[in-house]
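K.L.:
okay, structure incoming, though there's no sequence with it:
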């Protein structure tokens, strides 16, 4: 069900049910025309505004780190961007994503521990050749003895508790493939390392989250934020465009990635439609529908700083957080576009040459030089 305030913005006032952006191929505001411009940031209708001095906390996948970096550049007060305890040894969070939470259950667990709704399990740490590791953090996080690990967990609870003092919470949903610890029955952050799997071959299990699972977890996350958060806090849900690094589903990773993102997108949209303080922010659609040459880094998995800047600049303006981007940022973006333009002709020529070569090898009896003459 669409909220009344959204209906007023989405629907043409004279024609009930008629969106101003409902056509793919006709008119200057059609999807086709917008797609041809290279950067496509879909229209969306914020149901609230955020004060320029608002505290913002981002949690979720690695895309949360991209958002933090751009918001900081735009002068937004991002409390999640600065882990404040030396005990945590995670001051490189923005670079290595040591606090990333890729699946929805991992997000919920950290918020429940930070709120005191549940406690970190006594058997949560795992002995790995004499050092304890925390499977609820990324594998790159340094291990240690019990005293050190408990101190870090206390610091982590303080860090994640900041979310309950935030005016705006941004949740980036990463993936539905979820590994869990059979001993604690809790979801771990990412797939266990080969080293852990070798040491404890029966300890870890795999679960694919489906739409009902995601809805249930997101409802619980929103309930925690409502119970312990600031009275007028707001929530933004979005889906990370960064693809799965590897799938454990047995499917082609391309199929598994589409399944994961589609499930999360559907769940996020449903939650935003039914919970008053929640909006869905179409950063996923902006990345996927914009020109790939402007969007993707060389690995075709991670996104460019350019596209994140474009998206977040629009975001802060729509929600009233900040004025448009600075002259320096505009100049930086212009240089990026020039570099991509220079690389474009060479890349396309190489691509076309490879395709022709492959077809020629597969069809040796055809003379491809005749075509186009």
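P.N.:
Looks like it arrived, so ask away. This one's a predicted model, so the numbers in the text were calculated from it and none came from an experiment.

K.L.:
center of this protein, which residue is that?
P.N.:
Centroid-nearest residue in the chain: residue 240, 2.7 Å away (criterion: Cα atoms, centre = their mean).

K.L.:
tell me how far that one lies from residue 186.
P.N.:
Distance, residue 240 to residue 186, using Cβ to Cβ, to the nearest Å: 22 Å. Every C-beta, even on glycine, is put in place using the N, C-alpha and C of the backbone.

K.L.:
and the residue nearest to the centre of the chain, how close does it get to residue 264?
P.N.:
8 Å.

K.L.:
spit out the residues that contact these two alike.
P.N.:
Residues touching both residue 240 and residue 264 (Cβ atoms under 8 Å, 6 or more residues apart in numbering): 173-174.

K.L.:
so the residue nearest to the centre of the chain makes contact with residue 173?
P.N.:
Yes. Using Cβ atoms under 8 Å, residue 240 is in contact with residue 173, at 6.5 Å.

K.L.:
can you pull the residues that touch both of the two?
P.N.:
60-61.

K.L.:
what pairs with the helix or strand where residue 236 lies, parallel or antiparallel?
P.N.:
Residue 236 belongs to strand 234-239 when assigned by DSSP states H and E. Strand 234-239 pairs in its sheet with strand 168-173 (parallel), strand 278-280 (parallel), by DSSP bridges.

K.L.:
and the ones you listed as JSON lines, adding distance to residue 82?
P.N.:
Formatted as JSON lines, these follow (distance: least, Cβ to Cβ, whole Å):
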{"stretch": "strand 168-173", "distance to residue 82": "16"}
{"stretch": "strand 278-280", "distance to residue 82": "25"}
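
K.L.:
pLDDT weak spots in the stretch 51-200 of the chain?
P.N.:
By pLDDT under 70, the low-scoring segments of the stretch 51-200 of the chain are 83-96.

K.L.:
tell me which stretches of the stretch 101-250 of the chain form strands.
P.N.:
126-128, 131-133, 168-173, 177-181, 186-187, 204-208, 234-239 (DSSP state E, counting those that start in this stretch).

K.L.:
tabulate those strands (CSV), appending mean neighbour count and distance to residue 33.
P.N.:
CSV is the format used below for the strands of the stretch 101-250 of the chain (neighbours: other Cβ atoms under 10 Å; distance: least, Cβ to Cβ, whole Å):
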stretch, mean neighbour count, distance to residue 33
strand 126-128, 16, 54
strand 131-133, 17, 52
strand 168-173, 27, 29
strand 177-181, 21, 37
strand 186-187, 20, 43
strand 204-208, 14, 38
strand 234-239, 26, 25
